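[1] I would like to see how this sequence folds:
(one chain, ligands or ions: 1)
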Amino acid sequence: SLPTGLFINNEFVKATSGEKITSINPTNEEIICEVEAASSEDVDKAVKAARAALNHESWRDLSGSDKGALMHKLADLVEAEKEVLATIETWDNGKPYESSMFDIVEVITTLRYYAGWADKIHGSTIPTTPLKFAYTVRHPIGVCGQIIPWNFPLAMAAWKLGPALAGGNTVVMKPAEQTPLSILYFAGLIAKAGFPPGVINILNGHGKDAGHAIAAHLDIDKVAFTGSTATGKMIMKTASVNMKNITLETGGKSPLLVFSDADLEQAAKWSQFGIFGNSGQICTSTSRVLVHESVLDKFLVLFKEAIKTLNKVGDPFEEGTFQGPQVTKAQYDKILAYVDVAKSEGATLAMGGVPFKGVGGKGYFIEPTVFTNVKSDMTIYREEIFGPFVAISTFKTEEEAVAMANDSTYGLASAIFTQDIARAHRVADRIESGMCWINSSQDSDPRVPFGGVKQSGIGRELGEAGLSAYTCEKAIHVNLG
Ligand code: ADP
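    Model prediction:
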């Protein structure tokens, strides 16, 4: 049976409120189970556990290599149960089983990557004036609140947990209320791996209750969040109550640029992958495609072909399915509403725009949706839709392409398709985004920093930067005179 309690001090407990949240399988709209929903009181309990663990010798005085060993142990347990975890992820989120498995592997590699950092955290020595010098040491930030989205539940949990643990912090994590099940199962593995009680606490709950309580708690030192820009702004405001350290990874409207000299077949395939992957529910999804006007017709033919051959919509447990359902009815409704908006503003519907009813008529499936003739003042050019929905526009010059790409309040990712090496690096340099792919889309790696500029976020996850975000440097001045 699936764990459904609040994970505090290495034990599953009931919520004080007695409130529960129903988990629904988006493929068949059936109830999976009921999960405890934390109140602010429960968050407070978890924070007390995390604070005690932070100062307890069993964690505080554990060497970096022993911390790393615990993290490797956790990764081993995930590896041993990866089929179970992937199955739960697909039930709860609806993503294809193969994608869930891809995410689980990412969880393992991320935990191992940061396990390797755990014994390599140190400061530096800085000569200052004669007979004086300073040295620095790196401390944990403290008790870290981590608020997880529903699009990559376990992977986002690992991105946040890995550096927090390597840095010696303790954690109060809240999964998204739509998709808590894989993370709660993972919580059971945390206890099994042998982490001291209170180091990692995981509470399912609503954003406005448990999420808000984390952002507002006076004894939480940092809050890390992945989710929508609107919620990110709210959390930032709330977190100012005690000037929490913040890491925010929010929305995007990432452009994919197809220049006239691009390998159009490659551009078409990566466009399909970058837009419809995870049913379009990726913050870095390349949801605006900007194509040089001279190659638009050819690109569209290849793009539609790529969708036909690579983008099988269907039951996420069926082999070969690329696109499963949207995560919830609310998301499904929101995306379909954008179809009407796009039509009324004069964009051309080239494909899809309707529900997909091929899985027994049930589930929150939407056909891959393509709009062309999209102008920069249209809603679908500007707003993050978070669905299998792409807006295609044209440009005439490289300069115009860059200006159009940058004409957004977001700046998360971008992709450039060209065979001209100088143009590739020139555009990559000028584009306003935290990440840029040249002749590719959606690559990420635990070693490479991930994050946005503008309203796509603050700070970086992954890589060395992601670790720095979970340590704080103390400077100690020494007088030898
Ligand atoms: P969506 O709108 O797509 O559900 P959100 O960005 O609101 O996405 O949700 C991402 C995460 O943030 C979830 O875990 C959610 O519960 C949490 N959350 C939502 N609202 C708040 C809030 N006011 N304070 C803290 N966390 C929140």
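[2] Secondary structure of His477: a strand, I assume?
    Yes. When classified by DSSP: H, G, I helix; E, B strand; the rest coil, His477 is found to be part of a strand.
[3] Now for the nearest residue to it once chain neighbours are set aside, how many residues are close by?
    The spatial neighbour of His477 that comes closest, neighbours along the chain excluded (Cβ to Cβ, 6 or more residues apart in numbering), is Ala134 at 4.7 Å. Where C-beta positions appear, they are placed from N, C-alpha and C, glycine not excepted. Other residues near Ala134 number 14, with proximity taken as other Cβ atoms under 10 Å.
[4] Next: Cys283.
    Counted with other Cβ under 10 Å, residues neighbouring Cys283 total 26.
[5] any idea what it is structurally, helix, strand or coil?
    Secondary structure state of Cys283, per three-state DSSP, is coil.
[6] any idea of the pLDDT on it?
    Looking at Cys283, its pLDDT reads 98.
[7] I figured it hits Gly252, correct?
    Yes. Contact between Cys283 and Gly252 holds when scored by Cβ atoms under 8 Å: they sit 5.1 Å apart.
[8] Report the buried residues of the helix ranked longest in the chain.
    Longest helix in the chain, counting residues (DSSP state H): helix 97-117. By neighbour count on 16 or more other Cβ atoms under 10 Å, the buried set for helix 97-117 is 97-101, 103-104, 106-115, 117.
[9] ok, which residues in the protein are in contact with the ligand?
    The interface of the chain toward the ligand, taken as Cβ under 6 Å from any ligand atom, is made up of 147-149, 174, 176-177, 207-208, 211-212, 215, 227-228, 231, 234-235.
[10] Any quick PyMOL command for the buried ones out of these?
    Buried members of the residues of the chain next to the ligand, defined by 16+ other Cβ under 10 Å, are picked up in PyMOL with:
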select buried, resi 147+148+149+174+176+177+207+211+212+215+227+228+231+234+235
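[11] So Thr321 sits against Gly314, correct?
    Yes. With contact taken as Cβ under 8 Å, Thr321 and Gly314 are classed as touching, separated by 4.5 Å.
[12] Just give the closest residue to Thr284, not the sequence neighbours.
    Ranked by Cβ to Cβ, 6+ apart and with sequence neighbours excluded, the top spatial neighbour of Thr284 is Ala413, at 4.0 Å.
[13] Which residues are in contact with the one you found?
    Listed by Cβ atoms under 8 Å, 6 or more residues apart in numbering, the contact set of Ala413 reads Gly252, Ser254, Thr284, Thr286, Ser433, Gly434, Met435, Cys436, Trp437, Gly452.
[14] List the contacts of the fourth one.
    Looking back up the chat, that one is Thr286. Thr286 makes contact with Ser254, Pro255, Leu256, Ser271, Gly274, Ile275, Ala413, Ser414, Ala415, Ser441, Gln442, according to Cβ under 8 Å, 6+ apart.
[15] secondary structure class for it?
    Under the three-state scheme (three-state DSSP), Thr286 adopts coil.
[16] And it, how far from the ligand?
    19 Å (Cβ to the nearest ligand atom, to the nearest Å).
[17] try Lys298
    Distance, Lys298 to the ligand, by Cβ to the nearest ligand atom: 36 Å.
[18] Pretty sure that residue sits against Leu264.
    Yes. Because the distance of 5.7 Å satisfies Cβ under 8 Å, Lys298 is recorded as touching Leu264.
[19] For Gly64, give me phi and psi.
    For Gly64, the backbone dihedrals (degrees, to the nearest 10) come out as phi -60, psi -40.
[20] so what's the residue lying closest to it once chain neighbours are set aside up against?
    Once its chain neighbours are removed from consideration, Gly64 has its nearest residue in Asp119; the separation is 3.4 Å (Cβ to Cβ, 6+ apart). Applying Cβ under 8 Å, 6+ apart to Asp119 gives the contacts Ser63, Gly64, Ser65, Lys67, Gly68.
[21] looking at this, Asp119 is in a helix?
    No. When the secondary structure is assigned by three-state DSSP, Asp119 falls in coil instead of a helix.
[22] pLDDT on the helix or strand hosting Ala213, on average?
    Element membership of Ala213, judged by DSSP states H and E, is helix 212-216. Helix 212-216 comes out with an average pLDDT of 98.
[23] Following element in sequence after that helix, please.
    Tracing the chain past helix 212-216, the next element assigned as helix or strand by DSSP H and E is strand 222-226.
[24] between the contacts of Ala413, which is closest to Ala50?
    Proximity of those to Ala50 was ranked by Cβ to Cβ; the top entry is Gly452 with 27.9 Å.
[25] Give me the neighbour count for that closest one.
    27.
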